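Visitor: Got a predicted model here, sequence first, then my questions.
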Amino acid sequence: MKQNRPPLTAIPAEIRCAQDYEIVAEHFLAPDRHAYIAGGCGREITLAANRSAFDATRLWPRLLRELGRGHTAVDLFGRRLVHPILLAPLAYQTLAHVQGEIDVARGAAATDSGFVLSTLAGRTLEEVAPHAGEERWFQLYFQAERRHTLDLVKRAEAAAYRVLVVTLDTAIKLPSLRAQRAGFVMPEQVVAASLTDYPEPAPCVIERGQSRVFQGVMAQAPGWDDLDWLLSQTRLPVVVKGVLHPDDARQLQARGVAGIIVSNHGGRSLDGVPASLAALPAIRAAVGAGYPLLLDSGIRSGGDVFKALALGADAVLVGRLQIYALAVAGALGVAHMLRLLREELEVCMAQAGCATLADIGPAMIFKETEEE
Ligand code: FNR
């Protein structure tokens, strides 16, 4: 089995922009681990669409605006974030670095970035909390038994995580074809550390003629009643991740969900769905102005952040870039990547004539058919 190359203790000179971490990380991650992280599901049509949607979106800058008092602050769930770039929840980051999520949390804290810890993190939520800044959120996967889900929620509250992010787009979790073809198998020492006290439920017995999908996995998948139950069990704001349809967005808003993350899981849950960026405007229209909307899937630069904000997001999350930066240079790499992204966003705002995030709206996007 090939091993990762040890991470550096300094930033490599060839990193000039946040996306460079994607290229350099290939030299640090063992090929099968890289395939697991980089891959998307199926034929990777959605994975590619996430990028092409950003690349096809054109900015429409304005001149001679007053920018001397510019900033990137955003208010979310009653708190002020210094900038709108958060780290998305990523499972098993000990695949990339022995410190795993501890280093990711330190990188986020050093750059005033929001950080979302996965239920499937390689380090426990209690181990990570002291290394994270104030803006630490916990991503929740419903467990097979409600008492385990509730225990996770109470543990997250006790460790001062501020927001619960409930991911609903991946009842079925399968390694991508790319990972399977590369021979990826989860190493024994890489575990979902926060879950070790919750024994796996006995696998369902599938009778002849029954389906492993419907009577197996989906028999235990959460429904609307589970979400309502969760909302009644916590005082934390609950945000739902994995929304692509405006009708789901409306329904979630009506049930008391505090905010939504428009996401297709970085092209890892259902191949053939639209890019998150393409789904965003209809969801913003459905929930109206003022309702917290975040977006992830495909963000690789500050210019991408700008485009997501222009099309209706209040903030964004970055997935793969964080684990690439972690693999290359640990906490330092994560902090550096976040600093680069924020600076890229600021440069983009300045060049486009936007002093604050409130100035970044649909009018900043050029439409080919637009008339003077
Ligand atoms: C993920 N993602 C994810 N999401 C989640 O809610 N819980 C999780 O445990 C994971 N785990 C995970 C592992 C890996 C290796 C990847 C690449 C992604 C999805 C993640 O939060 C986010 O939605 C995407 O990564 C965003 O797309 P980009 O930024 O990677 O293009």
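Guide: Structure's in. What do you need?
Visitor: Check whether L340 really touches G107, as I assumed.
Guide: No. Contact criterion Cβ atoms under 8 Å: L340 and G107 do not qualify, at 11.9 Å. Where you see a C-beta, it was placed from the backbone N, CA and C, and this is true even at glycine.
Visitor: what does the stretch 51-200 of the chain have sitting close to the ligand?
Guide: A88, P89, L90, A91, S118, L120, Q139, T167 (Cβ under 6 Å from any ligand atom).
Visitor: can you redo the residues you listed as CSV with secondary structure?
Guide: Output for these, formatted as CSV (DSSP: H, G, I helix; E, B strand; the rest coil):
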residue, secondary structure
A88, coil
P89, coil
L90, coil
A91, coil
S118, coil
L120, coil
Q139, strand
T167, strand
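Visitor: residue contacts, the spatially closest residue to L125 that is not a sequence neighbour?
Guide: Using Cβ to Cβ, 6 or more residues apart in numbering and skipping residues adjacent in sequence, the residue nearest L125 is S194, 5.0 Å away. Contact analysis of S194 by Cβ atoms under 8 Å, 6 or more residues apart in numbering lists T119, A121, T124, L125, L152, R155.
Visitor: separation between S194 and R69?
Guide: For S194, the distance to R69 equals 43 Å [Cβ to Cβ, to the nearest Å].
Visitor: quick revisit: which of the residues of the stretch 51-200 of the chain next to the ligand are buried, as a PyMOL select command?
Guide: Filtering those down to the buried ones (16 or more other Cβ atoms under 10 Å) takes a single PyMOL command:
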select buried, resi 88+89+90+91+118+120+139+167
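Visitor: Output the residues of the stretch 51-200 of the chain next to the ligand in CSV, with pLDDT and distance to M364 appended to each entry.
Guide: Below are those laid out as CSV (pLDDT from 0 to 100; distance: Cβ to Cβ, whole Å):
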residue, pLDDT, distance to M364
A88, 99, 24
P89, 98, 29
L90, 98, 30
A91, 98, 35
S118, 98, 33
L120, 98, 37
Q139, 98, 30
T167, 98, 30
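Visitor: what sits against V104?
Guide: Counting by Cβ under 8 Å, 6+ apart, V104 touches L87, L90, Q93, F115, Q322, I323, L326, A331, V334.
Visitor: Same question for A249.
Guide: Applying Cβ under 8 Å, 6+ apart, we find A249 in contact with V243, I260, I283, A286, V287.
Visitor: The fourth one in helix, strand or coil?
Guide: Classification of A286 using three-state DSSP returns helix.
Visitor: begin at 280 from here
Guide: Done: numbering now begins at 280, and the last item shifts to A565.
Visitor: Excluding chain neighbours, what is closest to it?
Guide: Of all residues not flanking A565 in the chain, P525 sits nearest, at 3.6 Å (Cβ to Cβ, 6+ apart).
Visitor: still on that earlier bit, just the ones of the contacts of V383 in strands?
Guide: Taking DSSP state E as the definition of strands, the contacts of V383 contribute L366, F394.
Visitor: Closest one of the contacts of V383 to the ligand?
Guide: Of all the contacts of V383, the ligand sits closest to L369, with 4.3 Å by Cβ to the nearest ligand atom.
Visitor: Can you give me every residue that contacts the one residue in the stretch 480-629 of the chain that gets nearest to the ligand?
Guide: Across the stretch 480-629 of the chain, the shortest distance to the ligand (Cβ to the nearest ligand atom) belongs to G598, at 2.0 Å. Contacts for G598 (Cβ under 8 Å, 6+ apart) come out as A367, L369, G545, D575, S576, I578.
Visitor: State the distance from the fifth one to F463.
Guide: In this structure, S576 lies at 21 Å from F463, with Cβ to Cβ as the measure.
Visitor: Name the secondary structure element that contains the residue nearest to Y570 when sequence neighbours are not counted.
Guide: Of all residues not flanking Y570 in the chain, Q532 sits nearest, at 6.1 Å (Cβ to Cβ, 6+ apart). In the assignment (DSSP states H and E), Q532 maps to helix 525-534.
Visitor: Return that helix as CSV; C-alpha atoms alone will do.
Guide: Extracted as CSV, the C-alpha positions of helix 525-534 are listed here (Å, rounded to 0.1, in the frame of the first residue of the first chain):
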residue,chain,number,x,y,z
PRO,A,525,-36.8,25.1,-4.4
ASP,A,526,-39.9,23.2,-3.1
ASP,A,527,-37.7,21.4,-0.5
ALA,A,528,-36.2,24.8,0.4
ARG,A,529,-39.6,26.3,1.0
GLN,A,530,-40.7,23.3,3.1
LEU,A,531,-37.6,23.4,5.2
GLN,A,532,-38.0,27.1,5.8
ALA,A,533,-41.6,26.7,6.8
ARG,A,534,-40.7,23.9,9.3
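Visitor: Great, nothing more from me.
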